[in-house]
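> The sequence and its predicted three-dimensional model are supplied below.
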Amino acid sequence: MGGRADEVVFTKNATESLNLVAYAFSNDVAGQAKDPRLTLGPGDEVLVTEMEHHANLIPWQEVCRRTGATLRWVPVTDDARLDLSGLDGLLTERTKVFAFTHVSNVAGTVNPVRRLVEAARSVGAVTVLDACQSAPHLPLDVAGLGVDWAAFSGHKMYGPTGIGVLWGREELLAAMPPFITGGSMIETVYIDHSTYAAPPQRFEAGSPNSAQAVGLGAAIDFLDGLGMDRVAAHEHALTGALLDGLAERPWVKVIGPTENVERGSAVSFVVDGVHAHDVGQVLDDEGVAVRVGHHCAWPLHRRFGIAATTRATFAAYNEPEEVDVLLRALDRVPRIFGLEVA
Amino acid sequence: MDLYQELILDHSKRPHGRGLREPFEGEAHHVNPTCGDEITLRVHLDGQTVQDVSYDATGCSISVASASILAEEVTGHCLAEAFRTQSAMKAMLTSRGQDEGDPEVIGDGVALSGVSRYPARVKCALLPWMAFTDAVARSGAAIPANDRS
């Protein structure tokens, strides 16, 4: 993923990774010299987007609450792409951090990371990338993208649960205070004070999830063996086929880009008049595994005035025939629920 | 599939007692945080009698049908009967397919018996019944002890 080994912190999941970064802002000892990039206070702003997973939203809400900084967000368009028309007004010299997802876990939108990083840099803001949805699906080069931190988790990329990664630029990691303290993260310990190890050990207190880290390594080797370009191309083709099929069904509304450009393989949709749980139940009955609900992105659902969506996501193991299985199963929904469809 | 019986679909399309009405003595708002389903439910009591159950629900067919069935089965009944029904519904829904439900006690509620085989859906069907219990408690009325004998 484009980072160096000593810039990789193992965590228990991406949520912890993102909390670790958020914690670094103004949680150090009061009055102690701090890195100005990691200070937040009244008048400062944190920018997120309306499409964030709760894991890349709530830690920022909390850090704003604690520090008096103001949370702002980039809205999304009707096809769930970032509406960057007002970015100049949102990303200003007051902005200290811009945290955004690489790929929406609901809409599948692939965000223009380089453009966002450039805009953030031009005002001196640091950037945090939620790479959970890109790491398993797209070639990822965190250093090449220019972000300051990136987070992803093992279980979304064929690895085990209980392992996540925070990648950060070395000098920023070095400026960050520890998040969880205790064994394994120290340099020296006295009865009344301690000094801490250099990153990444500083952020890996306690017994590590070594088995999970090895499992994640195996998963990454597996993906490398397949080739991320091939994985992305395979999933792109399946996504296109599903979007085409859904376009033929006017009773289905896709929440996300319907054009298969700058788009990942998460396809979320609603069937007018039928709740996502009911749609998911019918698909489940036909052996199609989808997820229903707000997918931990409640604000994005609020943006579209809906409580829940049904989400199909393609991975390396899906076959083209499975798109047809899904569409045929979906056609049972209007029949079961007595919808009038043209 | 046996989950979506006609009765459930009828109740979910034309829910009994839908809408929020006055007067009411107790109101509860319950959400299902994993899916975002919500219900606001009011009870109007006259002494020990449930005079009206009114509600505004956003949810799947199972939760809306369950609210409709609740309104039908408890309105006009005394609290003791209402909670006998509540407790029988809860027992059936959490039985993992072991309890088919007694139509004498829960009426149309038996249509929801299939839900107990789908663990992920049990909370959908329970949502209005939990809100009902809460609304009665908030009204200040005593909740009768569950008597399943």
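Great, that's in hand.
> Tell me the confidence at the closest residue to B:Ser12 other than its chain neighbours?
Of all residues not flanking B:Ser12 in the chain, B:Ser61 sits nearest, at 3.8 Å (C-beta to C-beta, 6 or more residues apart in numbering or on different chains). From N, CA and C alone the C-beta is placed, and that goes for glycine too. Reported pLDDT at B:Ser61 in the predicted model: 93.
> Give me the distance between B:Ser61 and A:Val279.
Separation of B:Ser61 from A:Val279 (C-beta to C-beta, to the nearest Å): 10 Å.
> The two: which is more packed in?
Set B:Ser61 next to A:Val279 and count neighbours by other C-beta atoms under 10 Å in any protein chain shown: A:Val279 wins out with 26 against 22.
> mind checking how far the closest residue to chain A within chain B is from A:Arg311?
At 3.6 Å from chain A, B:Cys60 is the closest residue in chain B, using C-beta to the nearest C-beta. Applying C-beta to C-beta, the value for B:Cys60 to A:Arg311 is 15 Å.
> So for the two, which residue has more residues nearby?
Using other C-beta under 10 Å as the criterion, B:Cys60 and A:Arg311 rank with B:Cys60 on top: 28 against 22.
> count of neighbours near A:Glu204?
Around A:Glu204 there are 21 residues (other C-beta under 10 Å).
> So which residues of the stretch 101-250 of chain A form strands?
Secondary structure of the stretch 101-250 of chain A by DSSP state E, counting those that start in this stretch: the strands cover A:126-130, A:149-153, A:164-168, A:186-189, A:194-196.
> Adding mean neighbour count, write those strands out as TSV.
Below are the strands of the stretch 101-250 of chain A laid out as TSV (neighbours: other C-beta atoms under 10 Å in any protein chain shown):
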stretch	mean neighbour count
strand A:126-130	26
strand A:149-153	29
strand A:164-168	27
strand A:186-189	12
strand A:194-196	13
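> still on that earlier bit, might one say that the residue of chain B closest to chain A is in contact with B:Cys124?
Yes: at 5.5 Å, B:Cys60 counts as touching B:Cys124 under the criterion of C-beta atoms under 8 Å.
> Show me the common contact partners of those two, please.
A:277, B:35, B:37 (C-beta atoms under 8 Å, 6 or more residues apart in numbering or on different chains).
> With adjacent residues omitted, what lies nearest to the last one?
Spatial nearest neighbour of B:Asp37, chain neighbours left out: B:Gly59 (3.7 Å); criterion: C-beta to C-beta, 6+ apart.
> Now do the contacts for that neighbour.
By C-beta under 8 Å, 6+ apart, B:Gly59 lies in contact with A:275, A:277, A:307, B:32, B:35, B:37-39, B:67, B:124, B:127.
> do A:Pro320 as well
Contacts of A:Pro320 by C-beta under 8 Å, 6+ apart are A:237-238, A:241.
> between the residues you listed, which is nearest A:Gly227?
Closest approach between those and A:Gly227, by C-beta to C-beta: A:Ala237, at 14.8 Å.
> per-residue pLDDT, the closest one?
Per-residue pLDDT puts A:Ala237 at 98.
> where's it relative to chain B, distance?
Plainly put, A:Ala237 is 31 Å away from chain B if you go by C-beta to the nearest C-beta, to the nearest Å.
> Could you do A:Ser194 as well?
The spacing between A:Ser194 and chain B, counted by C-beta to the nearest C-beta, is 39 Å.
> Tell me what that residue is bridged to.
Assessed by DSSP bridges, A:Ser194 has beta-bridge partners A:Val189.
> my read: it touches A:Thr188, true?
Yes: here A:Ser194 reaches A:Thr188: they are 6.5 Å apart, a contact under C-beta under 8 Å.
> What residues sit buried inside the strand or helix carrying A:Leu20?
With secondary structure defined by DSSP states H and E, A:Leu20 is part of helix A:14-24. Neighbour counts over helix A:14-24 (16 or more other C-beta atoms under 10 Å in any protein chain shown) mark A:14-24 as buried.
> Ok, stretch A:78-98 next?
A:80-82, A:84, A:87, A:90-91, A:94-98.
> which one of these is nearest chain B?
Scanning the buried residues of stretch A:78-98 for proximity to chain B, where the rule is C-beta to the nearest C-beta, the winner is A:Ala80, at 17.2 Å.
> How about the contacts made by the closest one?
Applying C-beta under 8 Å, 6+ apart to A:Ala80 gives the contacts A:51, A:104, A:106-107, A:109, A:255-257, A:300, A:304.
> And the pLDDT at it?
pLDDT at A:Ala80 comes out at 98.
> what secondary structure does it sit in?
Using DSSP: H, G, I helix; E, B strand; the rest coil, the structure places A:Ala80 in coil.
> okay if I get the contacts of A:Pro320 as a markdown table plus neighbour count?
Output for the contacts of A:Pro320, formatted as a markdown table (neighbours: other C-beta under 10 Å):
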| residue | neighbour count |
| --- | --- |
| A:Ala237 | 15 |
| A:Leu238 | 21 |
| A:Ala241 | 18 |
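> backbone phi and psi for the closest residue to A:Arg169 other than its chain neighbours, please?
Excluding its sequence neighbours, the residue lying closest to A:Arg169 (C-beta to C-beta, 6+ apart) is A:Asp148, at 5.4 Å. Backbone torsions for A:Asp148, taken as degrees, to the nearest 10, come to phi -90, psi -40.
> what's the burial count for A:Asp148?
23.
> which ones are touching it?
A:Asp148 touches A:126-128, A:168-169, A:172, counting by C-beta under 8 Å, 6+ apart.
> Quick check: of the residues you listed, which lies closest to B:Lys90?
In terms of C-beta to C-beta, no member of the contacts of A:Asp148 lies closer to B:Lys90 than A:Val128, at 44.4 Å.
> Can you show me the helices along the chain?
Since no chain was named, I'll use chain A. Listed in chain order, the helices of chain A (DSSP state H) span A:14-24, A:58-67, A:87-90, A:113-122, A:142-145, A:170-175, A:210-226, A:228-247, A:276-285, A:298-303, A:320-330, A:332-336.
> meant chain B, my bad for not saying
Counting by DSSP H, the helices of chain B are B:6-13, B:61-74, B:79-93, B:103-106, B:119-139.
> Need the winner for burial among those.
Per residue and on average, the most neighbours among the helices of chain B fall to helix B:61-74, with a mean of 26 (mean count of other C-beta atoms under 10 Å in any protein chain shown).
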